[in-house]
Every structure is written in structure tokens, then in C-alpha cells.
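Colleague: Coordinates only, no sequence provided:
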């Protein structure tokens, strides 16, 4: 029973169309963070004059889908294997205590890739629109978290289709559903 690989921290640089300085962000769990959640995080760093405006996030010339996980919409490769020593070297390391916690505010390793996301700021949203966006961000992130706990290490690029697709590929196994 192997443990699932730890999340790879995602380092983003948000570049704005308005004259706002670039915003560096660290995303600790890109598999369960959605574009809507990223928008909420960006809003918390924007000046009040832009915090309630519509945000459109663009990476590699494509608008990021609101409810998609950042790991899939940014097409991130799977995290690298942990850098720990092989199992036979377990007696070699006799250090005591807990492993250090990663500091998300610390600058990333110079060799760690940073992704640039362009943020287009447009018209002002109503309070109802902002509340709906916040609620949708919470709901989509909760759905991704549930999905991650039920299917650890499932490939994000290859999701199983609903029963409809299985009936199409396995006609002999789904004949009871068409007869009901």
C-alpha cells in the first residue's frame, strides 16, 4: 500500500492587463484548487478599485475553465517522486524530530518552474455575482477534494465516462438498462 505522492507546490506569477505589479502566488494543492478559487485568491491581493471587477485568467493563449483543477487546466506534469533515500538506506539517516514544514512564503528554488498566468480585468461585477462566484469556488473545490479522496492518484487527463459511454462500448453488459 504505497502512500500517494505529495502535492507539488505550484508557483504562479499573475500578470495583469491593468497597471498593477505582477503578483507571485504559491498554490500548495493544484489538484484541488480551481480557477474560481484562484480568482478569489487574486481578488484578496487586488487594490479595492479592481477587487470587484470581472477577472479572466489566460494561460498559453487559452482562457482557464472556472471549475477545472489548476493541475488539469494548466496541463501540469505529475509531481516528481520524493527525493528520499532508498528503503535500504533507512538505517543511514538517524535524524530525530519531524521533517521541516515547507514555507509557502519563502521564494521557490531558482530551478523550480514558475508559470505565468495573464489576468484580464474588465467590467465591475455586482455583489450578487461576486457572492455567486465565491459560492461556486467553494463548491467546485469541495467536489475536487472529495474526488481526490475517493480516487487517489487517478489520472486527471483520463476520467471515466458515465454509464452511457460504457453502454456504448459494452453493449452485451448493459442490455438490462435498455429493457427497463
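Modeller: Okay, I see it. If you're wondering where the values come from, they're calculated on a predicted model, not measured in any experiment. Numbers count the residues shown, from 1 in each chain.
Colleague: The nearest residue to residue 58 once chain neighbours are set aside - how many residues pack around it?
Modeller: Once flanking residues are discounted, residue 58 sits nearest to residue 118: 4.4 Å by C-beta to C-beta, 6 or more residues apart in numbering. All C-beta spots, glycine's among them, are computed from the backbone N, C-alpha and C. Residues near residue 118, counting by other C-beta atoms under 10 Å, number 16.
Colleague: Show me what whichever strand or helix holds residue 118 is packed up against.
Modeller: Here residue 118, judged by DSSP states H and E, is contained in strand 114-124. Helices and strands touching strand 114-124, by 3 or more C-beta pairs under 8 Å, 6 or more residues apart in numbering; DSSP states H and E, are strand 10-16, strand 53-59.
Colleague: rerun that using 10 Å as the cut-off
Modeller: With contacts taken as 3 or more C-beta pairs under 10 Å, 6 or more residues apart in numbering; DSSP states H and E, strand 114-124 sits against strand 10-16, strand 23-27, helix 35-45, strand 53-59.
Colleague: need these in TSV with mean neighbour count, can you?
Modeller: Shown next, in TSV, are these (neighbours: other C-beta atoms under 10 Å):
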stretch	mean neighbour count
strand 10-16	19
strand 23-27	17
helix 35-45	19
strand 53-59	17
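Colleague: mind checking which of those is nearest residue 114?
Modeller: Nearest to residue 114, of all the helices and strands packed on strand 114-124, is strand 10-16, at 4.5 Å by C-beta to C-beta.
Colleague: Assumed residue 132 was part of a strand.
Modeller: No. Counting by DSSP: H, G, I helix; E, B strand; the rest coil, residue 132 is located in no strand; its state is helix.
Colleague: I am finished for the moment; much appreciated.
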